[in-house]
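[1] Below are the sequence and a predicted model; questions follow.
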Amino acid sequence: MHPLLEKIKKVEALLKGATTEGERQAAQFAKDKLQKRIQEIKIPVEFKLYTSDTWHKKLLVAICRKHGVTPYRYYRQKYTTVMVTTDEHTMNQIIWKEYLAIAEVLEELVGDITHDLIKQIHEDESEEALRGELK
């Protein structure tokens, strides 16, 4: 555990055991100060990310590498699982936001390519015929 997290736990214990208002205020001030320092320090966390297919995985891996984060997976994990160790800010505000934006573009492109390919195979793009109930 990170030393700052240990300090916060100790300060929380002081906060719970405080008998006077001055002790409570001092403990709360110390806790707030420590939490601010934790936000400034980038504590690495392991993230487990799941992708729907190999194209999304390749995209996610490329974005991670672009930002200096090394993707990996553990033995026996599915091929579409991506593990990364980075701080929460980098993951949530940089990598994940960029992934969602580019994944949307990727899906549109794949949809357009699929539509064009199917149109080349056969002009009729209507849905398949619907028959009665299954027996």
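    In hand now; what should we look at?

[2] So which residues of the chain form helices?
    3-17, 21-40, 54-66, 88-89, 96-121 (DSSP state H).

[3] Give me the neighbour count for Ser126.
    By other CB atoms under 10 Å, the residues close to Ser126 number 5. No exception for glycine: its C-beta is placed from N, CA and C like everyone else's.

[4] least reliable of the helices of the chain going by mean pLDDT?
    Ranked by mean pLDDT, those end with helix 3-17 at the bottom, a mean of 76.

[5] Give me the helices and strands touching that helix, please.
    Secondary-structure packing of helix 3-17 (3 or more CB pairs under 8 Å, 6 or more residues apart in numbering; DSSP states H and E): helix 21-40.

[6] in the helix it packs on, what's buried?
    27, 30-31, 34 (16 or more other CB atoms under 10 Å).

[7] and if you look at stretch 76-89?
    Of all the residues in stretch 76-89, those buried under the rule 16+ other CB under 10 Å are 82, 84, 86.

[8] Report the beta-bridge partners for the second one.
    I take that to be Val84. Counting by DSSP bridges, Val84 forms beta bridges with Phe47.

[9] correct me, but it touches Phe47?
    Yes: using CB atoms under 8 Å, Val84 is in contact with Phe47, at 5.1 Å.

[10] With respect to Gly17, which of the buried residues of stretch 76-89 is nearest?
    Proximity of the buried residues of stretch 76-89 to Gly17 (CB to CB) peaks at Thr86, which lies at 36.1 Å.

[11] So for the residue lying closest to that closest one once chain neighbours are set aside, what pLDDT did the model give?
    With CB to CB, 6 or more residues apart in numbering as the criterion, Thr86 has its nearest non-adjacent residue at 4.8 Å, and that residue is Val69. As predicted, Val69 sits at a pLDDT of 94.

[12] how near is Asp124 to Gly111?
    Taking CB to CB, to the nearest Å as the measure, Asp124 falls 19 Å from Gly111.
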